[in-house]
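1. Attaching a predicted model along with its sequence, questions to come.
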Amino acid sequence: MEIQLQIAWLFLLAIPIACIAWTVTHEEVFREPREYCVKRSLQGKTLLERKFFYLFTCEYCFSHYITIFILVLTGYKLVMSDWRGYLISGFSLVWVSNIYMSLFGFLRQDISKYKMEIKEMMNSGEQRKEL
């Protein structure tokens with residue numbers, strides 16, 4: 001496979017990795033299981049138990065496991081066609097997917113900030129009308 005195609009696949013495969021990792025570790029749909037995992041990661045009896053449950057609360061950590069799943073599913077290799085290609089592609093996919101998640105986090109933060117500012121402006125406008 002040509003390097004341009006490999007790079008295209010790198011940026012495309014990182015999208016579902018970022019999406020899955022972000023959804024499991026941040027979104028409301030997984031809140032209850034995530035809260036359970038947070039509790040177990042803090043109160044687990046063994047180091048292995050605490051680290052296992054922490055995995056589901058950290059998007060960076062979780063993205064490694066999603067990446068491994070995607071690599072097994074697709075057989076994607078970057079630069080080299082042997083086991084080193086899997087290694088390079090794995091760390092590259094994690095890196096790109098975490099850039100995507102960081103950008104998404106900043107975007108959501110800005111949107112939340114603007115929503116709060118609009119709400120404050122509307123509230124102050126309503127208070128002026130009452131006077």
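-> Cool, got the structure.
2. Would you state the helices of this protein in chain order?
-> Per DSSP state H, the chain carries helices over the ranges 3-26, 31-43, 47-54, 59-74, 83-130.
3. The residue nearest to the spatial centre of the chain and Leu78, how far apart?
-> Geometric centre of the chain, nearest residue: Trp22, 3.2 Å, by CA atoms, centre = their mean. Trp22 sits 23 Å away from Leu78, going by CB to CB, to the nearest Å. C-beta here means a position set from N, CA and C on the backbone, and glycine is covered the same way.
4. Then Ile111?
-> 33 Å.
5. Generate a markdown table for the helices of the chain, with mean pLDDT as supplementary columns.
-> Converted to a markdown table, the helices of the chain look like this (pLDDT from 0 to 100):
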| stretch | mean pLDDT |
| --- | --- |
| helix 3-26 | 94 |
| helix 31-43 | 92 |
| helix 47-54 | 92 |
| helix 59-74 | 94 |
| helix 83-130 | 85 |
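6. show me the contacts for the residue nearest to the centre of the chain.
-> Glu59, Met101, Phe104 (CB atoms under 8 Å, 6 or more residues apart in numbering).
7. hang on, isn't Phe53 packed against Glu35?
-> No - Phe53 lies out of contact with Glu35 (CB atoms under 8 Å); the separation is 11.0 Å.
8. who has more neighbours, those two?
-> Neighbour totals were compared for Phe53 and Glu35, and Phe53 leads with 19 against 11 (other CB atoms under 10 Å).
9. how near is that one to Thr46?
-> Taking CB to CB, one finds Phe53 at 11 Å from Thr46.
10. now do Ile70
-> With CB to CB as the criterion, Ile70 and Thr46 are 29 Å apart.
11. neighbour count winner among these two?
-> Ile70 (21 against 8).
12. excluding its backbone neighbours, what's nearest Tyr60?
-> In this structure, Tyr60 finds its nearest non-sequential neighbour in Asn98, 5.8 Å apart by CB to CB, 6 or more residues apart in numbering.
13. Equivalent analysis for Leu78, please.
-> Ser89 (3.7 Å).
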